[in-house]
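Colleague: Below are the sequence and a predicted model; questions follow.
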Amino acid sequence: MRVFRFFLAALAVTVFVGVCASPTSAHEVRPGFLKIDETAPEAYAVSWKQPVRGGAQNVAGLGLRPVFPASCERGTDSTMRLLPGVLVETFTLTCAGGLRGQTIGIEGLQKTITDVFVQLTETGGKLVHMRLTPEQSVQKFTGGVGLITYLWLGVEHLLLGYDHILFVIGLVMLVSGWRRLVLVITGFTLAHSVTLGLSVLDVIYLPAAPVEAAIALSIVFVATEFLRPEAQRAHLTRQYPQIIALAFGLLHGFGFAGVLADIGLPRETGFFALALFNIGLEIGQLCVVGLCLGIAYVARQAAMLPVNIARAHTGLVLVMGGLASYWLVARTAQIIGF
């Protein structure tokens, strides 16, 4: 078990290195959203949301710009607003022959790890979705709703959401035994599914900034509990870790909802889009848990490691908790305006 925990802590530090090597923070994998509503034949109202990092000074550094066909002419009524974590630009567009079957791209997308979700609503109410990626930043509008995009969006958000990954790794490290592990992961899944749905459907709302700070705090809590001797851990953590997973799962669900809050859900098929996004999250989560179990198998095969396991994994968990503490301080400072 100590070898297993060492390997998991090493995995957590690998995530840490990935975060440090990337110019993005734990939550800067939110997609851009290009919403195009056809207001009349060949006339469109456009809303372009692109994620920003660290405030207005970094907006120009993103360099993301929608590129429309040569047959399109942009209106002069452009407006721009900087909201928490997102820059919103609205303008009108006139396209001879319409946009269906035409090619749209995002300039600068290939230099990022951010996807852009594009939604075209035609005058008859028909929706056309597509997803632009750094590898495929230009695509042609074709028929179909493309709800499968929400599935991949969920997978990506979990796997690229480093804070969520660290929390899941922390949960796996904190419990012992298959039964407890299943209960903990199930509790976390059910809880974040509930708050994700309630938040996206506007039943409950929490501001994104405090939620992200609290998510960082949840990782600090798990790391702190792991470093304590088992007999000194909080009663709930020791006896009922599934309740801890359930409570923090409710919190993480609000964090997951931030992505769908940015891009919205299609009116006619919103329930299915939400379900696919949630399934995508679970696929990503199962990938993380599966990797942890794979590490457990490798750990069982390792008869001996040339390191002091107890000291090594303690140091690695300290790094994990230190990264979460940094996120907590940075996100709290952002809330109070520093």
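Modeller: Received the coordinates, thanks.
Colleague: any idea of the pLDDT on residue 44?
Modeller: pLDDT, residue 44: 95.
Colleague: following the longest helix seen in the chain, which helix or strand comes up?
Modeller: What stands out as the longest helix in the chain, according to DSSP state H, is helix 270-301. From helix 270-301 onward toward the C-terminus, using DSSP states H and E, the following helix or strand is helix 309-336.
Colleague: quick one, helices of the stretch 151-300 of the chain?
Modeller: 162-174, 178-200, 208-227, 235-239, 241-263, 270-301 (DSSP state H, counting those that start in this stretch).
Colleague: hmm, back to that, by how many degrees do the longest helix of the chain and helix 162-174 diverge?
Modeller: Angular relation of helix 270-301 and helix 162-174 on a 0 to 180 degree scale: 50 degrees, by axes from the mean of the first three to the mean of the last three Cα atoms, to 10 degrees.
Colleague: Would you map out the domains in the protein?
Modeller: Structurally, the chain divides into domains by automatic domain parsing as follows: 2-27+161-336, 32-146.
Colleague: Out of the ones you listed, flag the one nearest residue 154.
Modeller: When those are compared by Cβ to Cβ, domain 2-27+161-336 sits nearest residue 154, at 2.2 Å. Quick note: C-beta positions are derived from backbone N, CA and C, even for glycine.
Colleague: Could I get the average pLDDT for the closest one?
Modeller: Mean per-residue pLDDT for domain 2-27+161-336: 76.
Colleague: just stretch 135-151 next, same as before
Modeller: Averaging pLDDT residue by residue across stretch 135-151 gives 76.
Colleague: do the same with stretch 80-94
Modeller: With pLDDT averaged residue by residue, stretch 80-94 scores 85.
Colleague: buried set for it?
Modeller: Of the residues in stretch 80-94, those buried under the neighbour-count criterion (16 or more other Cβ atoms under 10 Å) are 85-87, 91, 93.
Colleague: Repeat that for stretch 202-219.
Modeller: The neighbour-count criterion (16+ other Cβ under 10 Å) identifies 206, 208, 211-219 as the buried residues of stretch 202-219.
Colleague: how far does it sit from the chain's center?
Modeller: Centroid separation for stretch 202-219 versus its chain: 13 Å, with Cα atoms, centre = their mean, to the nearest Å.
Colleague: Can you name the residues in contact with that stretch?
Modeller: 26-27, 84-85, 163-164, 166-167, 170, 195, 198-199, 248, 251-252, 254-255, 258, 261, 320-321, 323-325, 327-328, 331-332, 334-335 (Cβ atoms under 8 Å, 6 or more residues apart in numbering).
Colleague: all helices for the stretch 1-150 of the chain, in order.
Modeller: Taking DSSP H, counting those that start in this stretch as the test, the helices found in the stretch 1-150 of the chain are 2-21, 59-62, 148-160.
Colleague: sorry, back to before: the longest helix of the chain vs helix 241-263, what angle?
Modeller: Here helix 270-301 runs at an angle of 130 degrees relative to helix 241-263 (the same axes, to 10 degrees).
Colleague: Any of the contacts of stretch 202-219 buried? List them.
Modeller: Buried among the contacts of stretch 202-219 by 16+ other Cβ under 10 Å: 26-27, 85, 163-164, 166-167, 170, 195, 198-199, 248, 251-252, 254-255, 258, 261, 320-321, 323-325, 327-328, 331-332, 334.
Colleague: about what we covered before: turn the domains of the chain into CSV, including distance to residue 155.
Modeller: Written out in CSV, the entries for these read as follows (distance: least, Cβ to Cβ, whole Å):
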stretch, distance to residue 155
domain 2-27+161-336, 4
domain 32-146, 11
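Colleague: Most tightly packed of those domains?
Modeller: Of the domains of the chain, the one with the most neighbours on average (mean count of other Cβ atoms under 10 Å) is domain 2-27+161-336, at a mean of 18.
Colleague: so what does the longest helix of the chain touch, helix or strand wise?
Modeller: helix 2-21, helix 148-160, helix 162-174, helix 178-200, helix 241-263 (3 or more Cβ pairs under 8 Å, 6 or more residues apart in numbering; DSSP states H and E).
Colleague: swap the cut-off to 7 Å and go again
Modeller: For helix 270-301, the contact count by 3 or more Cβ pairs under 7 Å, 6 or more residues apart in numbering; DSSP states H and E identifies helix 2-21, helix 148-160, helix 162-174, helix 178-200 as packing neighbours.
Colleague: All good on my end, thank you.
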